[in-house]
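> Take this sequence and fold it.
(one chain, ligands or ions: 1)
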Amino acid sequence: MAVAATPKLDAQRIRSDFAYLEEIVNDHAVAYLDSASSTQKPRQVLDRMREFYEHEYANVHRGVYRLAERATEGYEGARRTVAAFVNAPSERELIFTRSATEALNLVAYAWGLDNLGPGDVVVVTELEHHANFVPWQFIASRTGASFRHIPIDDTAELQLDALDALAQEGNVKVVGAGLVSNTIGTINPVERLAAWAHEQGAIMVVDAAQAAPHRAIDVQALGCDFLAFSSHKLCGPSGVGALWGRAELLEAMSPFNLGGSMIRSVALDRTTFNELPYKFEAGTPAIAEAVGFAAAVDYISAIGLDAIEAHEHELVEHALARLAELEWVEVYGPPADRRAGIVSFNVEGVHPHDVAQILDWDGIAVRAGHHCTQPLMTRLGIAATTRASFYVYSIPEEIDRLVEGLHKVKRALG
Ligand SMILES: Cc1ncc(COP(=O)(O)O)c(C=O)c1O
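Just a heads-up that it's a prediction; the model follows:
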């Protein structure tokens, strides 16, 4: 892998930025292994938000007084930072949303309602998080378009040989895919899917919620049309996310939410809409959260996305090797070289909720459930998994503790 020469990140030093990681639960240090759900927040991000609230806060794009200008500069500066983070050609193409979910709904509603109809086909993957699945299923049914999926094989990788048959089903208009599966960590070949989508005359919508925190993202190199991600999974606050979209598509789209800020003029008989990106940002946005989002982008960029990817690769290799020692544990998903820092598994005969509960006694936080991927669960023939996921502050010792904890689970319930 090209990441071999990347400078290593110092997870032990990074851990000192995160207050929670210093806590003790039942005489055990905490092991936070649920970063795919949401990450912990470093002091640098929290300090920046506090400073903004104390000295720079007012509503944005409204006041002419100096504080309002400072707030607007903070918010628009955040947009520049987040846009540059995914190599957007223009910051006008970067829309702040509440979350990745809202970003994907924005595209499904504002693009889908006006562009889909009978005879059209929307294609998503069987691995998709509900956030990039349900909005498309819903808008397809509202518009009369068909809703289809790209199936996965037994290692949970996409079966790209199904694409030819999908192309025969009608006019493929949308292809939606996550760059990284939140449940089993599969890294999807999005560049390939984007090329295929464009051959069909479709748009390519990428859910990068699990990718943007962990590997360098370049929307231009991916060749996609829309890309959604959120702040809370990359060390930033919750309540803010981002949608990048190609300007010509965004310009042609109807607005999604309507109200203040997104208008140019309003009269009794007619309203005209603001230019990009404001057309898609109705009402007072999450101002300090956007500033915190940018501080988080700065924080992880200073660590280095390549170093983060390499660190998580080492962790996932370690986790897969250690879990392979337990013949009563079934691990789902591809080998380490085609997976990000996420491992889903089941302990024979024990419900994942019980696994998570017992691990919690020793301060180990993992997620148990269907992870908002019920179609994937159905394909795997299970209802739920236990999931461990890693980030910049994760260390191999935590994985070793997870394995010890699983022995305890087995002794107690297996
Ligand atoms: C792959 C994926 N897409 C979308 C989402 C939704 O993100 P948000 O919480 O920002 O709405 C998640 C969150 O778990 C996710 O893992």
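> dump the residue contacts of the closest residue to the ligand within the stretch 301-414 of the chain.
Closest to the ligand within the stretch 301-414 of the chain is C372: 6.1 Å, counting by C-beta to the nearest ligand atom. The C-beta positions use only the backbone N, C-alpha and C, and glycine is treated the same way. Going by C-beta atoms under 8 Å, 6 or more residues apart in numbering, C372 touches H129, H130, A131, N182.
> Can you give me every residue that contacts E169?
When contacts are counted by C-beta under 8 Å, 6+ apart, E169 touches V121, S146, R148.
> Among these, which one lies nearest to the ligand?
Closest to the ligand out of the contacts of E169 is R148 (19.5 Å), distances taken as C-beta to the nearest ligand atom.
> got a list of contacts for the helix or strand hosting the closest one?
When elements are defined using DSSP states H and E, R148 is found to belong to strand 146-150. Contact with strand 146-150 is made by 120-126, 128, 136-137, 140-141, 158-160, 162-163, 166, 169-170, 177, 193, 375, as judged by C-beta under 8 Å, 6+ apart.
> Tell me how many other residues crowd D161.
A count of nearby residues for D161, using other C-beta atoms under 10 Å, gives 10.
> Using the three-state scheme, assign it.
Three-state call for D161 (DSSP: H, G, I helix; E, B strand; the rest coil): helix.
> which of the contacts of C372 come close to the ligand?
Taking C-beta under 6 Å from any ligand atom as the test, the ligand is in contact with H129, A131, N182 out of the contacts of C372.
> which of those count as buried?
H129, A131, N182 (16 or more other C-beta atoms under 10 Å).
> would JSON lines of those with secondary structure be doable?
What follows is those, written out as JSON lines (three-state DSSP):
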{"residue": "H129", "secondary structure": "coil"}
{"residue": "A131", "secondary structure": "helix"}
{"residue": "N182", "secondary structure": "coil"}
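> Dump the residues you listed to TSV, plus distance to G63.
Output for those, formatted as TSV (distance: C-beta to C-beta, whole Å):
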residue	distance to G63
H129	39
A131	35
N182	40
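> Just the pLDDT at T155, thanks.
For T155, the pLDDT comes out at 87.
> Skip the chain neighbours and tell me the closest residue to it.
P334 (4.8 Å; C-beta to C-beta, 6 or more residues apart in numbering).
> likewise H370?
What sits nearest to H370 in space, not counting adjacent residues and going by C-beta to C-beta, 6+ apart, is M377, at 4.8 Å.
> What about that neighbour, how many residues nearby?
With other C-beta under 10 Å as criterion, M377 counts 18.
> And T186, by the same measure?
Neighbours of T186 (other C-beta under 10 Å): 26.
> Correct me if wrong: it contacts P335.
No. Contact between T186 and P335 fails when scored by C-beta atoms under 8 Å: they sit 10.4 Å apart.
> Spit out the contact partners of E314.
By C-beta under 8 Å, 6+ apart, the contact set of E314 is P396.
> related to what we said a few turns ago, relative to S141, how far out is the residue of the stretch 301-414 of the chain closest to the ligand?
Per C-beta to C-beta, to the nearest Å, C372 is found 20 Å from S141.
> so is the spatially most central residue of the chain in a helix, a strand, or just coil?
Centroid-nearest residue in the chain, with C-alpha atoms, centre = their mean: A209, separated by 0.9 Å. Counting by three-state DSSP, the backbone at A209 sits in coil.
> Spatially nearest residue to it, not counting backbone neighbours?
Excluding the flanking residues, the one nearest A209 by C-beta to C-beta, 6+ apart is A100, at 4.1 Å.
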